[in-house]
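*Asks:* need a 3D model of the following:
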Amino acid sequence: MSAELVPRLAREEAEFARKSRELAQLRIVLADRELFWANLRAEFAAFERRYLREIGTLYAELDDWSDKLADWLSKNPDAGFAEYAAWDAKIAELAGQEQRQRASHTASSRAGRRAVRVHPAVEEDEHAEDFRPSFRLKSLYREVAKRVHPDLAADEADRHKRELLMKEANSAYQRGDQEALRRILEDYENSPESVPGRGIAADLVRITRQIKQVNTRLSQIERDIAAGMNSSLGKLKSNVDTAFAEGRDLLAEMAADLGRRIASKRRELAARTVVKQKA
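*Replies:* I've put the predicted structure just below:
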């Protein structure tokens with residue numbers, strides 16, 4: 001071993017040791033942020049389910065009564081101003097009746113639940129065009145296969161990662177997603193697994209790429225957290241949490257307000273119908 005090589009190897013080994021410590025600390029931070037983001041996603045999902053159950057059904061019911069009222073008005077364009085007083089009186093009468101008896105909305109609530117929760121699947125288009133991959137799409141797929149194919153794996157861990165990447169690549173190819181294929185290729189090219197060779201020099205390149213991967217993931221998590229907190233659902237959850245700390249149930253208040261608006265629409269439609277029949 002030459003005299004010049006020994007100091008260089010010593011520097012590289014010292015740098016590798018430093019980067020190893022840095023990577024170990026970053027992995028601890030990454031695990032904590034992944035856990036935080038996983039918990040936050042679970043909280044968002046639970047809150048969304050509660051919102052749909054307690055508020056979404058009422059919005060669906062309110063929309064239903066609004067549609068019914070709009071339909072009545074479209075069919076009765078000749079309703080004149082002279083009937084307003086009679087409608088108001090009838091509405092007041094119906095409101096008084098509702099205060100003396102308990103209104104049951106089981107059927108409409110179930111209809112609202114279906115309106116909120118049921119999302120019809122997109123039907124397959126019988127006339128969809130045949131799959132015709134472009135030259136660029138096929139070229140990208142070939143490049144991914146040449147670089148990422150599992151048969152090129154160095155060990156079982158590498159094979160598992162390559163199998164997952166090829167599964168993603170196959171899905172992207174079927175979708176005709178060139179950008180996804182390009183991203184798969186670039187991610188692999190910049191991964192530690194793509195670095196050939198053994199020894200301290202190759203190890204340094206690999207660990208440098210590992211550090212970059214962890215930092216990239218940390219940045220993505222922070223962007224995801226910020227996007228989640230700033231979303232409509234995130235802001236509503238924050239308001240609900242703040243109200244709860246003050247001893248208020250914001251969703252219950254929203255439900256009560258929607259209940260009043262539903263009752264108002266229902267009474268108005270009933271009053272207009274009765275008055276029109278008597279006219």
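*Asks:* going forward, measure contacts between C-alpha atoms and count neighbours the same way
*Replies:* Will do.
*Asks:* for the lengthiest helix in the chain, the averaged confidence score.
*Replies:* Ordering each helix of the chain by length in residues (DSSP state H) puts helix 5-51 first. The average pLDDT within helix 5-51 is 85.
*Asks:* distance between it and the chain's centre?
*Replies:* Relative to its chain's centre, helix 5-51 lies at 24 Å (C-alpha atoms, centre = their mean, to the nearest Å).
*Asks:* name the helices or strands packed onto it?
*Replies:* Contact partners of helix 5-51 among helices and strands, from 3 or more C-alpha pairs under 8 Å, 6 or more residues apart in numbering; DSSP states H and E: helix 200-230, helix 232-245.
*Asks:* go through these and find the least confident stretch.
*Replies:* Among the helices and strands packed on helix 5-51, helix 200-230 scores lowest, at a mean of 86.
*Asks:* just to check, Leu140 is in contact with Leu181?
*Replies:* Yes. With contact defined as C-alpha atoms under 8 Å, Leu140 reaches Leu181; the gap is 6.4 Å.
*Asks:* of these two, who's got more company?
*Replies:* Higher neighbour count among Leu140 and Leu181: Leu181, with 27 against 20, using other C-alpha atoms under 10 Å.
*Asks:* quick one, the strand or helix carrying the more buried one and helix 200-230 angle?
*Replies:* Assigned by DSSP states H and E, Leu181 falls within helix 178-189. Helix 178-189 and helix 200-230 are oriented at 140 degrees to each other (axes from the mean of the first three to the mean of the last three C-alpha atoms, to 10 degrees).
*Asks:* let's see helix 178-189 as PDB, backbone CA atoms only.
*Replies:* C-alpha atoms of helix 178-189 as PDB (Å, rounded to 0.1, in the frame of the first residue of the first chain):
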ATOM      1  CA  GLN A 178     -44.200   8.300 -18.300                       C
ATOM      2  CA  GLU A 179     -43.500  10.600 -15.300                       C
ATOM      3  CA  ALA A 180     -43.900   7.800 -12.800                       C
ATOM      4  CA  LEU A 181     -41.500   5.600 -14.800                       C
ATOM      5  CA  ARG A 182     -39.000   8.400 -15.000                       C
ATOM      6  CA  ARG A 183     -39.300   8.900 -11.300                       C
ATOM      7  CA  ILE A 184     -38.800   5.200 -10.500                       C
ATOM      8  CA  LEU A 185     -35.600   5.200 -12.700                       C
ATOM      9  CA  GLU A 186     -34.200   8.400 -11.100                       C
ATOM     10  CA  ASP A 187     -34.900   7.300  -7.600                       C
ATOM     11  CA  TYR A 188     -33.100   4.000  -8.200                       C
ATOM     12  CA  GLU A 189     -30.200   5.600  -9.900                       C
END
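*Asks:* report the distance from it to the chain centre.
*Replies:* When distances are taken as C-alpha atoms, centre = their mean, helix 178-189 is centred 23 Å away from the chain's centroid.
*Asks:* the helix or strand containing Ala145 versus helix 178-189: what angle between them?
*Replies:* For Ala145, the element it lies in under DSSP H and E is helix 135-148. Counting by the same axes, to 10 degrees, helix 135-148 lies at 20 degrees to helix 178-189.
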